[in-house]
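**Student:** Starting from these lines, generate the structure:
(chains A and B)
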Amino acid sequence: MPRIVDARMELGDVTVHNLKQLKKLNAVILPVAYSDKFYTDVLELGNLAKLAYYNDVVVGGVCCRIDHEGDKRKLYIMTLGCLAAYRRHGVGTMLFNHVMKIAKEDGNIDCIFLHVQVSNDEAITFYKKFGFEIVGKKENYYKRIDPPDAFILQKEMKTSNGSEESEQNTSK
Amino acid sequence: MAANSQKLPQKESGIFKKVVRSYECKQYKNGLKFAKQILSNPKHSDHGETLAMKGLILNCIGKKDDAYDCVRRGLKNDLTSHVCWHVYGLLQRSDKKYDEAIKAYRNALKHDKENVQILRDLSLLQVQMRDMDGFCDTRYQLLKVRPAQRSSWVGYALAYHMNNDFEMALKVMGEYRKTQAPPQKLPDYEFSEMILYEVQLLMESGAYKDALKFLEDFRHYVSDMLAYAEIKGDILLRDKRFEEAELIFHDLIHRNPENLMYYQKLEECLNITSDENRMELYRVLKEEFPRSHVCRKVPLGFLKGPAFRDMIDQYLRPPLHKGVPSLWIGLKALYENKEKAQVIEELVLLYEKNLQSCNKFHPEDPDPMEPPSAILWVWFFLAQHFDRCGDHRRALEYIDKSIDHTPTHIELYMLKSKIYKHAGDLEEAALWMDEARSMDTADRFVNCKCVKYLLRVNKIDRAIETAGLFTREGMPPLQTMDDMQCMWFQKELARAYWRSGQYGEALVKYHEIDKHFDDIIEDQFDFHTYCMRKMTLRPYVGVLRLEDRIRGHRFYFDSAHDIIELYLYLYDNPDAKRAKDAPIAEEIEQDLSHLSESERRKIKRKQRKALAKAKEKAAEQEKEKEKENKPRHDDDRKAATDENKIKFNPKELLNVEDPLNEANKFLKPLQSMCTGNIRTHLLAYAIHSRRRKYLLMLQSLKRAFSCDPENPTLHCYIVDYVLTLEKERPELPDPVHTVIDDCIPRLTDGGKSPDELNQSFIAKHSNSLEHLVAAAQVLYKLHPDYRTKAIAMVTNLSDSLIDRSLRTCRNVHKFLSSGFLGDCSDELASYSSQCHALFPFASSFKPPVEAGKELESSPASPGDAPPCVGVAGRSPAAQKES
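**Tutor:** Next up is the predicted model:
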């Protein structure tokens, strides 16, 4: 689909004032309902949570956290999504680039990973575009939706410098 | 004798000077100490001026009673001292007893004619009280005493100006200017303002040619080039020097291409009469000013047919592409014209279709695809469009579609709420506005809207709590709102109290609004000295004139109108006073609602009481704090205003002796400042008829008649008056007869009987529901046996009526329920169900089961006057919506 030339796209912070907008967003984008605690924790995430604005309207958002697994540091994408009507206009890419930037600036992230419902082809295609690979499957990961299984998608960060650069090019 | 004994020896008089200096430097403790040094000497214990100064200082630290005591003693001991009188005046002034203060100053001047300080203080009070003759005299004295000061001259000229003596004002300004060398260094703003002030004087005196010449002679010194150009353009236009004026307005458009007035004046210069020429002008201007909004918008007003269609098509697409929420609001005025509304509807529906099929506004457009937000804005526009056209069902369909599309956008929820409000479901409206508010809790605008909508459904506590999210922390929200003079809030709150039967609380809010206007008038004081010193005379004159008419402001009119109606209601229903905490509301509620409802209300009431207690406590604490702080920031004005803060008491206000007298107080400003508004005179009649003031009633009718002879309420009142006279006539003295006989024929179309009047009224207004309601009242009053006919008249819902709207139908409903026509419960039921079909969302007409949750139908609400005193009058709340 051709890009709209003059569309304004930008990221914004999640604050106590606009938190409800993130809730509304996730309620329609994601198949899972998140607890109130999830949202109060989001406020502590700082840069790891962002809203995406398209022509001044909130249409997408991302929330991540950093997990420690032994001596490894992994960046886990909890939620990332965009309203259906605004997909394929670069909103997801903008959000993902933000995640990548955090990981790179941190410099000490081993990989980025996330869970995707096995049936969600759109999402799997999206992440594969950025170099994610399916590295595992968790059965009965989801409680109330069908199918209940989830793939684990992962992208290694600590590779040689050359491949990182080529990554950047694809994402642009 | 007395004067001699009052003379202090050298040492003491030195100390006295220290007292004065301490006062001037606000070192009040020192001042009191020095005063004590003098007074403790038995020889000088009754020294008048020292006592006066001591009193003045005591007043500054908040010891009002002691202050008065001291000053009075001082004055008694030394009646010939200008100091004692001056201080006495200052004290009166700080208590806002300006007339007393003026008298005291005058006495002071008797003993010291040329005291500049006293003259200045006196002149301030005189201009404040608009004693313009006195002001002129005092300014003359000041000029005599201080001829070298600019402010003396300017003040003297201004005094003549305010007395409309332009010639003298100009003479004084001219004399002064002659003594001044023109400024060497430019720009000199004060000199420039002085020149422009003289121009203004010339223009107001009607000497436009002189004004222009003067302006040109001094143009070199004028630094306000915008004012220069506007004044010059106006004078040239007035002088019909069109070509020169055209150049000026063209330049002005260049300066600011968004000022509509410049375009209108440019049209005048070009003597444009035909729409073709006008279009040509705007086409050329649009090329010159491609970013100007006005250039694109003005033609929408006058174009017709296909030309309009082309123009609006061009106009709509960029903002729909970009996403401009205010797009529709800007076009609202076009809806006066039904054809234009139709064209807009067709066009935007076409956009919708095309966007869905090919993602463009028009398939043949060369432009690239539209962004996904375009369809959202098209739906948003359509929702507003159908809302305006009264098709609330379709409006809701479109707004729901857009919310499904982009559930994160706050404007959408606000619009949804608004549509529900227009459709008559205020509960639902409040819910959605609260939803919008919760989505951006940093947005004060949405917060305010939400507060307003909550008040509309009488959720008073919730509303106050919500308002509190944006008021100062640690202070009760109501107090902050009052301090900020937030009048829309206080008005809505007053109405909510009224609808809930808390009449005393409502009165408090209305009085608080009235007080704001006093404060605004009071605030002028700051400008009298400042403006003359700084030479900002043009705006100063503007402020003085504004303040003279400040109570003509809509905010005052609305709340005065309400409070008068409330006082009338209290007069007619003396029992309502006792029903303070809304028991009447509850009684009515009980047969409507379930038990849970009344329980909820009880809880609410308890909360309210607790809240009030908390408020009292907070206020007390606040007071204590203030007391502690006082000695530190001793500014006499500040202390005075805090002291004078009137706390209104709901009980006292409710239990006034004579509500009509209170109502009359609020009527007075309306009668002098809102003479063009017929409601002023209808209110006047309503008051005077209850006081049986037949001549004043007649006067009100005559004034109302000259505003709008066809007004429905006026029709009721005229008949009422004629009928009253028939009964009371023998009691009236002869001169009154003469006056009445003189006026009645004009009011009654040459002396027609009430019956004839009503018949011709009906014939003339058979297609207006509002008028029919009035006629039905009269009919029933004249012939109680025509009840069926009266009911048929008001329950008419034919679509040939020009005003079959939610508002008018709701008024009919209220009228039927008022019992004026006796028990109408059967007719009401059928009327409600018919209206429910017409206005399916309106809670007033929902069948009882559905309406169970409703809070409406309280004993009386704003605009709900008793029968025949204005059921046909508009309800203020309803009017807002339409």
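**Student:** ok, the one residue sitting closest to the centre of chain B - contacts?
**Tutor:** Nearest residue to the geometric centre of chain B (CA atoms, centre = their mean): residue B:555, 2.2 Å. Residues in contact with residue B:555 (CB atoms under 8 Å, 6 or more residues apart in numbering or on different chains) are B:487-488, B:491, B:513. The C-beta positions use only the backbone N, C-alpha and C, and glycine is treated the same way.
**Student:** okay if I get these as CSV plus secondary structure and pLDDT?
**Tutor:** Output for the contacts of residue B:555, formatted as CSV (DSSP: H, G, I helix; E, B strand; the rest coil; pLDDT from 0 to 100):
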residue, secondary structure, pLDDT
B:487, helix, 96
B:488, helix, 97
B:491, helix, 97
B:513, helix, 97
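**Student:** Farthest-apart pair in these, please.
**Tutor:** Within the contacts of residue B:555, two members stand farthest from each other by CB to CB: B:488 and B:513, at 9.8 Å.
**Student:** Now do whichever strand or helix holds the residue nearest to the centre of chain B: distance to the chain's middle.
**Tutor:** Applying DSSP states H and E as the criterion places residue B:555 in helix B:554-572. Relative to its chain's centre, helix B:554-572 lies at 14 Å (CA atoms, centre = their mean, to the nearest Å).
**Student:** and it, average pLDDT?
**Tutor:** The average pLDDT for helix B:554-572 rounds to 96.
**Student:** for stretch B:118-138, same thing?
**Tutor:** Mean per-residue pLDDT for stretch B:118-138: 93.
**Student:** Run through who's touching it.
**Tutor:** Contacts to stretch B:118-138, defined as CB under 8 Å, 6+ apart, come from residues B:82, B:86, B:89-90, B:93, B:98-99, B:101-102, B:105-106, B:108-109, B:112, B:139, B:141-142, B:145, B:155-156, B:159-160, B:162-163, B:524-525, B:528-529, B:544, B:548.
**Student:** ok, and of the residues you listed, which contact chain A?
**Tutor:** Taking CB under 8 Å from any CB of the partner chain as the test, chain A is in contact with none of those.
**Student:** Is residue B:349 located within a helix, as I assumed?
**Tutor:** Yes: counting by DSSP: H, G, I helix; E, B strand; the rest coil, residue B:349 is located in a helix.
**Student:** Let's test this: name the helix or strand in chain A with the lowest mean pLDDT.
**Tutor:** Sorted by mean pLDDT, DSSP states H and E, the helices and strands of chain A end with helix A:161-171, the least confident at a mean of 42.
**Student:** what ranges do the helices span in chain A?
**Tutor:** A:19-29, A:36-42, A:91-106, A:121-129, A:161-171 (DSSP state H).
**Student:** helices or strands up against the second one?
**Tutor:** So that's helix A:36-42. helix A:19-29 (3 or more CB pairs under 8 Å, 6 or more residues apart in numbering or on different chains; DSSP states H and E).
**Student:** Can you pull the residues of chain A lying near chain B?
**Tutor:** Contact residues (CB under 8 Å from any CB) of chain A with chain B: A:1-2, A:4-7, A:15-18, A:20-21, A:24-25, A:27-28, A:54-59, A:83, A:85-86, A:89.
**Student:** In strands, which of those residues fall?
**Tutor:** Using DSSP state E, the subset of those located in strands is A:54, A:57-59.
**Student:** which one of the residues you listed sits closest to chain B?
**Tutor:** Comparing these against chain B with CB to the nearest CB places residue A:58 closest, at 4.0 Å.
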